[in-house]
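**Q** Predicted coordinates and the sequence they were generated for:
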Amino acid sequence: MSLAPKFLVNFSSISMNASSAIDALQQIATHGYAEGLVHETWLDAVVAREKKFPTGLPTPIPVAIPHTDSAHVKGDGIGFFRLSTPVSFGEMGSVDEVIPVAIVIPLLITDPEEQVDLLMAVIGAVQDEPFVSQLMSARSLIEVAALFVKKGL
């Protein structure tokens, strides 16, 4: 990747209260709209994509990595939303399995050719149990940002 999207402190929260995956995505969309990062079509597009291609990963601390087509995105970056209570996301690669996700890492990508590389980099990072454990115990978004930078994201 030439211009890899980087972690966005302004597209993050360490204490999101959500009742479901849809609620979490709605709250994430609200952050994205407020920061001018996504178009008004983003929420519908990301929800539709989650239904067809779920992004929940059954890592030791389950993570979801929602993303959608670049047409719905205004700026590049990686968000971070730690849930106060896990919510069920569909499991990546499965049709009907769900997993209780504790962290949502939405990807915003304006160049479609960057999507696979960034997705693979983030999947690799969240498979690193110490990294995700540190994300879970971080007390501020500054700490989270430092962890992402250290990880090269």
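**A** Here it is on my side, so go on.

**Q** What is the lowest-mean-pLDDT helix or strand in the chain packed up against?
**A** Confidence across the helices and strands of the chain bottoms out at helix 115-126, with a mean of 90, counting by mean pLDDT, DSSP states H and E. Contacts defined by 3 or more Cβ pairs under 8 Å, 6 or more residues apart in numbering; DSSP states H and E place helix 115-126 against strand 107-108. C-beta: built from backbone N, CA, C; applies to glycine.

**Q** Run through who's touching the strand it packs on.
**A** The set of residues that contact strand 107-108 without belonging to it, under Cβ atoms under 8 Å, 6 or more residues apart in numbering, is 5, 8, 11, 32, 37-38, 65-67, 73, 75-79, 115, 118-119, 122.

**Q** From those, list just the buried residues.
**A** With neighbours counted by 16 or more other Cβ atoms under 10 Å, the contacts of strand 107-108 contain buried members at 5, 8, 11, 32, 37-38, 65-67, 73, 76-79, 115, 118-119, 122.

**Q** my guess is residue 125 contacts residue 150, does it?
**A** No: applying Cβ atoms under 8 Å as the test, residue 125 and residue 150 come out as separate, 10.3 Å apart.

**Q** and the host helix or strand of residue 89, which strands flank it?
**A** Secondary structure assignment for residue 89, by DSSP states H and E: strand 77-90. Each strand that strand 77-90 pairs with, and the sense of that pairing, follows from DSSP bridges: strand 7-16 (parallel), strand 98-104 (antiparallel), strand 107-108 (antiparallel).
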